[in-house]
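**Student:** What shape does this take:
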Amino acid sequence: MIRLGLIGCGGVAESRHLPALRRVRGVRVAALADVDPSRLERVARRFGAARRYENYSDLIEGGDVDAVAVCVPPTLHADAARAALDAGKHVFIEKPLALGLAECDRLIEAAEARRALKVTVGFNLRAHRLVRAAREIVGRGELGEVKLVGTTFTSGARLGEGFADWRTRRESGGGALFEQGSHHFDLLRFLLGREAEEVSAASGRADETATFMARMEGGAQVVSAFSEGTAESHAVEVYGARGRLRVSLYRADGLEQFRVGEYAGAPRVRLREAVRTLRALPRVMQRSARGGDQLESYAEEWRQFVGAITRDAPVACTLRDGRRALEIALAAWESSATRRAVRLDDTKAEEFCQQWTAKHQETQA
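**Tutor:** Sure thing, here's the model as predicted:
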């Protein structure tokens, strides 16, 4: 039984990770840490964690844990993860991996010096049932040469109360490009098996809404839209020379595939999709009753991590994967500020973003 210490009891930890961990065999949440005593007490009571700490260093050093989950704001990811590695703990790090590539490199170096420890980055979409199915379809070549990918990830997160202030600022890891975009930057690499070569991005006021474009290896074009101030949607479409597929991540029957020449509204196609939906209905109802595929994707990424520890197997998402997603996010940040396309092979994005942050903070002061 792996004893887990979870650092940070915010919304994602309370609504996703901790409920998902209840479904995973071989791991037990032994300790929690959070700087907010009332939130720490409430979450600990709800999920039955006996040991509670207001300082994550105390959890790492005295929590009697085998592995640590880093679920704090991104500004603390690198420090908390490094402390856990130094203490000999396996580490799960929520995305984004860090806020700078140099921090990523130091983490990679520390992890490589401790090869017995497993370290992974929490991109849960890699474990989503429909994303995995879509990846297999693309990998088998059923769509032919992929030419265009469109993704959308929107929510009403900023329309309600309790939206943390750091989540509105890109220099602290907030904003649509970092919070939502980083999920899709990794998703594109995972789904297509290709790297981004050049990116462009534009964002609105306080990074609430953003658009993103990329050219991938092999020539595929990407167009994405992100927003934290509108209705909820999460979808991916892949267009190839032989057909297209659409993945709606908030629907249990959300994977649709069409051949070239087929139209979604054609009677034959509609009948085929209706039959498919009816056949899937029992499984759909069952999954919905258990929280749906979104929650299950968190449980599955934890199963993968626990399996990597217990079987001494490779992790599903490496630190280098996390670094690559951050590199794309930083390039998108630079593009949105300069209104120019940014190449990934020669970008000075991190240096630009550091200068941007310093200038922005100086202006606020």
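
**Student:** Low-confidence ranges, the stretch 251-365 of the chain, go.
**Tutor:** Within the stretch 251-365 of the chain, the segments meeting pLDDT under 70 span 276, 280-282, 284-291, 346-347, 356, 359-365.

**Student:** what are the ranges of the strands in it?
**Tutor:** 255-259, 342-343 (DSSP state E, counting those that start in this stretch).

**Student:** Tell me which of these sits nearest to residue 177.
**Tutor:** Distance to residue 177, taken as C-beta to C-beta, is lowest for strand 342-343 among the strands of the stretch 251-365 of the chain, at 12.6 Å. Any C-beta I mention is one placed from the backbone N, CA and C, and that applies to glycine too.

**Student:** what's the closest one packed up against?
**Tutor:** If contacts are counted by 3 or more C-beta pairs under 8 Å, 6 or more residues apart in numbering; DSSP states H and E, strand 342-343 sits against strand 196-203, helix 319-338.

**Student:** got a list of contacts for the first one?
**Tutor:** I take that to be strand 196-203. If you take C-beta atoms under 8 Å, 6 or more residues apart in numbering as the criterion, strand 196-203 is touched by 175-177, 181, 185, 188-189, 209-217, 222, 328, 331-333, 335-336, 339-345.

**Student:** Surely residue 131 and residue 188 touch.
**Tutor:** No: with contacts counted by C-beta atoms under 8 Å, residue 131 stays clear of residue 188, the gap being 11.1 Å.

**Student:** Which of the two has more residues huddled nearby?
**Tutor:** For residue 131 versus residue 188, the count of surrounding residues by other C-beta atoms under 10 Å is larger for residue 188: 24 against 21.

**Student:** For residue 220, see how far away that one is.
**Tutor:** Between residue 188 and residue 220 the computed distance is 9 Å (C-beta to C-beta, to the nearest Å).

**Student:** anything in contact with each of these two?
**Tutor:** Common neighbours of residue 188 and residue 220 (criterion: C-beta under 8 Å, 6+ apart): 149, 194.

**Student:** closest one to residue 3 among the helices and strands packed on strand 342-343?
**Tutor:** helix 319-338 (22.7 Å).

**Student:** Could you find the closest non-adjacent residue to residue 18?
**Tutor:** Leaving aside its sequence neighbours, residue 18 sits nearest to residue 47 (C-beta to C-beta, 6 or more residues apart in numbering; 4.8 Å).
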